[in-house]
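Undergrad: coords please:
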Amino acid sequence: MKMSNLTVFDLFNKCGLGDVATTMKDEGIDDDTIGEVTEWTLEKLGIKPIGKCLKVMKAIKEFSQNKTTTSASCEMQSLQTQPSCLRNIENVAVSTQNKDRSLPVDIPYPLYSKEILEAEENNRIPVVRSKLIRESARFFLTMKHDLSNDYDKLCLHLIKRFPQLEDPFVHPGAMHRHARLKKDLSQSVRNHKRTKHGSTSNTLPTSGEIVGFLAEDRDKNESLLSSLKMEIKKEISKLRSRQNHVRNLIRQLAPLFKKWITETPRKMEETFKEFGFLQKPYVIIALGGFLLSPTISDLEEYSKEKQEEIFNILIKTNDTINVPDDEEPSGKQMLALLRHAEKEVAQKQSRSIFLLAKDQPGNMPKYPCIVLNEDDGRILQAFLWVDAMCIAELKDTSIFYCVTLWFACHYAFNIEYPKEVKNFSYFVEDLILKEHGAYSLQASHKKRVLRPSKVETFYGKLKRAGFNF
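TA: Got it, this is the predicted structure:
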């Protein structure tokens, strides 16, 4: 059989991957679309284990290289193995450097904002029509400065994706149904040209920046997310996993994970199905820290330092707990101090984030909480519960660690502060961040946010004792 006539499925069968060929055929993947397959695609198809996935990717790469004709240039060979969206990017980058500055044959669409993508999904494009036209105009200007002869082509291109942009009726004598769109698009282009910096928020990308501007496509992000997940799983599965290495991987994962978990409300079962390694407490803390602020390299140490300060002040404001100056409070005393703080800020029907296992015979709360197993005042075990599910057992049962994990899980799992412990949640947030309201989940970055009156009253008591947010 000649290599030129060899299909990708023939190559799979030759490599002992006949079951993969059958699966891909059933899903409608063929020689023309095989170049779009990524590690994320293989995971969705249920192809395991990792070694088999690597064989599949190697076979796809070999097929793509053999498919390229010997007369093609090295540049064309590299483009052959790229997704079509990236090939379009290269076309744009080349076209912006041409002297005639013509539009590419296959015009790409801009990376629209989340608002527009949601409107497209819900079939509500007319609601965001103006914003869509502005973003399109700004993007098309990066490919060609003079669009005066291209408006009909661009309008038809937009209507192909967004049919609701078409005129509701044909004007007398009109040859098309995009007269209004053409008028608005041309006006938006003129407005962008008239603006000194091209837009109110940023300058237009130059031809050299266009590839980077478009490279953050969904397929690439999903592929990177998949590879990071596999690397983290591989490292965590080792008997002696390197936590610093895992933390560095989590740092890269954080922005992609944030986009994944905030696009659609996720249930805990779905989150753990996609990211099983989040059942490791130190992974939750690392991810929560990076989502909270990229500048906090180690949330555990950062949080412990802030908590040590507040415990010294809580001892001064509590007459029932006596701790000698030359000693540190025990776990039992620290738990009592925190429960005292909970009562100080509690609203009606408030509950505690710390629950004792012996007091929870059946129904567990859905809000995040720490369940403790203690004996004679000593904490023997600690567990993180979220949504009435036991997420993880804590190897470190110190109150410092428990509070840090409880706080981080709200960021890691995108959970709003529950009403049962909302006031205490504000207190822990302000305590760990040490800048009241500056980085609050509820706050703008410019002004201090007032907390509920009971919380503010407690802050006043702490301030008089020497602690200042």
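Undergrad: So for the longest helix belonging to the chain, could I get the coordinates as PDB, restricted to C-alpha?
TA: Using DSSP state H, we find that the single longest helix of the chain is helix 243-263. C-alpha atoms of helix 243-263 as PDB (Å, rounded to 0.1, in the frame of the first residue of the first chain):
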ATOM      1  CA  GLN A 243       4.900  19.500  46.600                       C
ATOM      2  CA  ASN A 244       6.800  22.500  45.300                       C
ATOM      3  CA  HIS A 245       6.600  21.000  41.800                       C
ATOM      4  CA  VAL A 246       2.900  20.500  42.200                       C
ATOM      5  CA  ARG A 247       2.500  24.000  43.500                       C
ATOM      6  CA  ASN A 248       4.200  25.400  40.300                       C
ATOM      7  CA  LEU A 249       1.900  23.300  38.200                       C
ATOM      8  CA  ILE A 250      -1.100  24.600  40.100                       C
ATOM      9  CA  ARG A 251       0.100  28.200  39.500                       C
ATOM     10  CA  GLN A 252      -0.100  27.500  35.700                       C
ATOM     11  CA  LEU A 253      -3.400  25.700  36.100                       C
ATOM     12  CA  ALA A 254      -5.200  28.400  38.200                       C
ATOM     13  CA  PRO A 255      -6.300  30.800  35.400                       C
ATOM     14  CA  LEU A 256      -7.500  28.000  33.200                       C
ATOM     15  CA  PHE A 257      -9.300  26.400  36.100                       C
ATOM     16  CA  LYS A 258     -10.900  29.700  37.100                       C
ATOM     17  CA  LYS A 259     -12.300  30.000  33.600                       C
ATOM     18  CA  TRP A 260     -13.600  26.400  33.600                       C
ATOM     19  CA  ILE A 261     -15.300  26.600  37.000                       C
ATOM     20  CA  THR A 262     -16.900  30.100  36.600                       C
ATOM     21  CA  GLU A 263     -18.300  29.600  33.000                       C
END
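Undergrad: State the mean pLDDT of that helix.
TA: Helix 243-263 comes out with an average pLDDT of 83.
Undergrad: So which bits of that helix are buried?
TA: Val246, Arg247, Leu249, Ile250, Gln252, Leu253, Ala254, Leu256, Phe257, Lys258, Trp260, Ile261 (16 or more other C-beta atoms under 10 Å). Bear in mind the C-beta positions are built from the backbone N, C-alpha and C, glycine included.
Undergrad: and what of stretch 280-298?
TA: Buried positions in stretch 280-298, judged by neighbour count with 16+ other C-beta under 10 Å: 280-292, 296.
Undergrad: Out of the residues you listed, which is nearest to Gly28?
TA: Leu287 (35.6 Å; C-beta to C-beta).
Undergrad: Now for the closest residue to that closest one other than its chain neighbours: which residues touch it?
TA: Closest residue to Leu287 apart from its sequence neighbours, by C-beta to C-beta, 6 or more residues apart in numbering: Ala412 at 4.6 Å. By C-beta atoms under 8 Å, 6 or more residues apart in numbering, the contact set of Ala412 is Leu278, Ile284, Leu287, Gly288, Leu291.
Undergrad: from the residues you listed, which two are the most distant?
TA: Leu278 and Leu291 (12.1 Å).
Undergrad: count of neighbours near Lys316?
TA: When counting by other C-beta atoms under 10 Å, one arrives at 12 neighbours for Lys316.
Undergrad: isn't it right up against Arg464?
TA: No: in this structure, Lys316 is not within contact of Arg464 by C-beta atoms under 8 Å, at 9.9 Å.
Undergrad: Centroid-nearest residue for this structure?
TA: Geometric centre of the chain, nearest residue: Lys258, 2.0 Å, by C-alpha atoms, centre = their mean.
Undergrad: residues in contact with it?
TA: When contacts are counted by C-beta under 8 Å, 6+ apart, Lys258 touches Leu291, Asn414.
Undergrad: Kindly recompute the last result at 7 Å.
TA: Leu291 (C-beta atoms under 7 Å, 6 or more residues apart in numbering).
Undergrad: same question, the one 3 residues further on
TA: Counting by C-beta under 7 Å, 6+ apart, Ile261 makes contact with Thr271, Asn414.
Undergrad: coming back round to it: so which of the buried residues of helix 243-263 comes closest to Lys304?
TA: Proximity of these to Lys304 (C-beta to C-beta) peaks at Arg247, which lies at 16.1 Å.
Undergrad: tell me which element Thr397 is part of?
TA: Thr397 belongs to no helix or strand when assigned by DSSP states H and E.
Undergrad: ok, it - contacts?
TA: By C-beta under 7 Å, 6+ apart, Thr397 lies in contact with Ile379, Gln381, Ala382.
Undergrad: most surrounded residue in these?
TA: With neighbours taken as other C-beta under 10 Å, the top of the contacts of Thr397 is Ala382, carrying 25 neighbours.
Undergrad: Am I right that Asp31 is in contact with Thr7?
TA: Yes: under the criterion of C-beta atoms under 7 Å, Asp31 makes contact with Thr7 at 5.7 Å.
Undergrad: the domain parsing of this protein - what is it?
TA: Segmentation of the chain into domains, based on automatic domain parsing, reads 3-80, 84-214, 218-292, 309-464.
Undergrad: for the longest one, the distance to its chain's centre please.
TA: With C-alpha atoms, centre = their mean, to the nearest Å as the basis, domain 309-464 stands 26 Å off its chain's centre.
Undergrad: Tell me, how many residues neighbour Ile133?
TA: Ile133 has 19 neighbours, counted by other C-beta under 10 Å.
Undergrad: which SSE is it in?
TA: Using DSSP H and E, Ile133 maps to helix 129-143.
Undergrad: in the stretch 251-400 of the chain, which spans are helices?
TA: Ranges of helices within the stretch 251-400 of the chain are 268-274, 281-292, 299-317, 331-345, 399-412, based on DSSP state H, counting those that start in this stretch.
Undergrad: For the shortest one, could you pull out the residues that count as buried?
TA: Using 16+ other C-beta under 10 Å as the burial criterion, the residues of helix 268-274 that qualify are Met268, Thr271, Phe272.
Undergrad: Can you pull the poorly scored residue ranges out of the stretch 351-469 of the chain?
TA: Along the stretch 351-469 of the chain, the model assigns pLDDT under 70 to residues 359-362, 377, 434-449, 468-469.
Undergrad: same thing but 90
TA: Residue ranges of the stretch 351-469 of the chain with pLDDT under 90: 351-367, 371-382, 386-400, 410-469.
Undergrad: Next, format the domains of the chain as JSON lines and append distance to Tyr302.
TA: Formatted as JSON lines, those follow (distance: least, C-beta to C-beta, whole Å):
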{"stretch": "domain 3-80", "distance to Tyr302": "33"}
{"stretch": "domain 84-214", "distance to Tyr302": "30"}
{"stretch": "domain 218-292", "distance to Tyr302": "7"}
{"stretch": "domain 309-464", "distance to Tyr302": "7"}
